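*Asks:* sequence and computational prediction follow.
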Amino acid sequence: IADNFWEKKHRSYFLWEFGKPPDVVIEIVSNRAGNELGSKLTDYANIGVKYYIVYDPSGQLSRTPLQVYELQGRFYTAMNTNWLTQVGLGVTLWQGTFEGKEDEWLRWCDQDGNAIPTGAEKAQQARLQTEQERQRAQQEHERAQQEHERADRAQAQLEQERRRTEQLAEQLRALGIDPNLE
């Protein structure tokens, strides 16, 4: 991969720059003009793209919004799974909010079909985890404070009982009774 991958000139994939065809091509259908299920299917097979995915969210080409193909020899065959074994990723349709828009989205997923979190989602999860840890630490601090106060009260009570015992012993001695005798 080029060091300056994100520069504008690298927003297209050129075989001669990367030295191999991409492992996955995803076509997002917006109209019928793209010929995603016709010539593009053949073209990508001819250059050796292992997986070809057609996402048709508005049903322009098919009633099936997500179609996944795997290269078998020189031709694509439709897959009955969305797991791309050779790249260790899958794709899934996910209902949720992305960049402030609620919709159905095409997402990368793990082998169980769970959407892989975006950077923003990971950051949100980290914030939530940090907040939960802060709350746990606060609760532990409050519990320790309560325990400390309870121990202080118990110590004060013991001291008060010790003084009362001393007073009673003094009163017994004043009456001529030894408080240490049984």
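*Replies:* Right, received. Where do you want to start? Numbering: from 1, shown residues only.
*Asks:* for the chain, which spans come out with low pLDDT?
*Replies:* The model of the chain has pLDDT under 70 over residues 1-11, 182.
*Asks:* pull the longest helix from it.
*Replies:* The residue-count maximum for a helix in the chain (DSSP state H) belongs to helix 119-174.
*Asks:* so how far is that one from its chain's centroid?
*Replies:* 36 Å (CA atoms, centre = their mean, to the nearest Å).
*Asks:* from here on, call the first residue 17.
*Replies:* Sounds good: first residue 17 from here, last item helix 135-190.
*Asks:* what is it packed up against?
*Replies:* Counting contacts by 3 or more CB pairs under 8 Å, 6 or more residues apart in numbering; DSSP states H and E, helix 135-190 packs against no other helix or strand. For every residue, glycine as well, the C-beta is placed using N, CA and C.
*Asks:* in contact with residue 129, which residues?
*Replies:* Residue 129 makes contact with 98, 106, 108, according to CB atoms under 8 Å, 6 or more residues apart in numbering.
*Asks:* go ahead and confirm the last one touches residue 125.
*Replies:* Yes: applying CB atoms under 8 Å, one finds residue 108 in contact with residue 125, separated by 4.1 Å.
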